[in-house]
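Participant: Starting from these lines, generate the structure:
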Amino acid sequence: MSDPADPAERLAALVARGGVLVLSGAGLSTESGIPDYRGPTGRLHPATPMTFQEFTGSPAARQRYWARSHRGWQRIEQAQPNGGHEAVARLQRAGLLGGIITQNVDGLHQAAGARGVIELHGGLNRVICLCCRAISDRDELDERLVAANPRAREALSTGPIKPDGDVELAEPEIADFQVVDCLDCGAGPLKPDVVFFGENVPPERVAACYALVEASRLLLVLGSSLTVASGFRFVRRAAARGIPVAILNQGATRGDPLADVRLDGPLGQLLPRLAAHAIGQPARGALRAG
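Facilitator: Numbering: from 1, shown residues only. Down below sits the predicted model:
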C-alpha cells in the first residue's frame, strides 16, 4: 500500500494529475557525460565560463573560445540522452506535461523525443552573427572550421569537457587556430546561440516561460541548483501563485525553502521510476531516493 505521507508517493500523485511544467538544469545531463557548473555543493567548479562581455570585447577571447569549443563540439554532439531525458519525454507523450523549460544547451531533451522545449539559455547546435543576427547551423560552422584548421582534429584534446562544451587547450594550439566569420554579411563575428554569463535571456522567451508557469498545476525542477536567477525566478513565481513546487536534484538548491516536495538522488534512476508510477505502469524499484 502506498504511503501518502511519503514524499515520493506524493510527487507521483501530483505528476499523475497532469499540468506539470518541467524546469531542467545541468544535473539532468551529467549522466550523459556533460558536467554541470556547480556540483552537489552548489559551488562553482574551478573552471569559470567565459562571460558575454569578454567574448564580445576581445578577438583573442573569441579565438580562445572557438579553438576550445571546436574540439569539444564532437563530444557534445555525440552525447546521448539518459534515462532522465527519456522519462521526461515519456511523461510528455502521456499528456501529463504542460511544458518543458530547460536551462541546458545540449539538445538532449529533443534527442530523447521531447517536443516544444523552450531552451531558456539557447542551444549549442546553432550559431548567431553578432552583426547581422543571422542564425546558422553549428555543423555547417564545424565544417568551415575544419577546412580552416585542417590539423586541429589531429591534436584533439583528451581533457575533460566543460559544461559549455569546450575543453582545455595549450596556448600554442589556441594561437594557431583560425576563426571564421559570418557567411551572410561577410564580416560579423560568430557566437554560439546561447546566453553567456553576463548576458540577458531575451524578454520574449522569459514571458513565454512565465505564461507556462501561470498555466501549470505543478512546477517540477530537475537537476538544477537554482543558484542563477534566470531559473529561480520561475520557482518564486510558482510559489507566489500557490502552485506546488517539486525539486529532484543531487544536493541542496536555492529553491528548497519554497519546495512542497524534495527528493535527492540521481535523476537517471529517479525519473524513470517517477514516470512509471505517474503513468500507472510497472516500475523497477521503489520510487524514493537512494
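Participant: Leaving out sequence neighbours, find the closest residue to the residue sitting nearest the centre point of the chain.
Facilitator: With distances taken as Cα atoms, centre = their mean, the residue of the chain nearest its centroid is Asn104 (1.1 Å). The shortest distance from Asn104 to any residue other than its chain neighbours is 5.6 Å, reached at Ser29 (Cβ to Cβ, 6 or more residues apart in numbering). Using the backbone N, CA and C atoms, a C-beta is placed for each residue, glycine as well.
Participant: quick one, what contacts the one you found?
Facilitator: Residues in contact with Ser29 (Cβ atoms under 8 Å, 6 or more residues apart in numbering) are 36, 79, 82, 85, 104, 106, 108, 223.
Participant: Out of those residues, name the ones that lie in helices.
Facilitator: Using DSSP state H, the members of these that fall within helices are 85, 108.
Participant: would a markdown table of the contacts of Ser29 with pLDDT be doable?
Facilitator: As requested, the contacts of Ser29 are arranged in a markdown table below (pLDDT from 0 to 100):
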| residue | pLDDT |
| --- | --- |
| Asp36 | 69 |
| Ala79 | 92 |
| Asn82 | 96 |
| His85 | 98 |
| Asn104 | 95 |
| Asp106 | 94 |
| Leu108 | 97 |
| Gly223 | 97 |
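Participant: which one of the contacts of Ser29 is nearest Leu212?
Facilitator: Checking these against Leu212 with Cβ to Cβ, the nearest one is Asn104 at 16.7 Å.
Participant: these two touch, right, the closest one and Leu28?
Facilitator: Yes. In this structure, Asn104 is within contact of Leu28 by Cβ atoms under 8 Å, at 6.8 Å.
Participant: Among the contacts of Ser29, find the one with the greatest number of neighbours, please.
Facilitator: Within the contacts of Ser29, neighbour counts (other Cβ atoms under 10 Å) peak at His85, which reaches 29 neighbours.
Participant: Now do that residue against Asp260, distance only.
Facilitator: Per Cβ to Cβ, to the nearest Å, His85 is found 24 Å from Asp260.
Participant: now swap in Asp139 and tell me
Facilitator: Separation of Asp139 from Asp260 (Cβ to Cβ): 42 Å.
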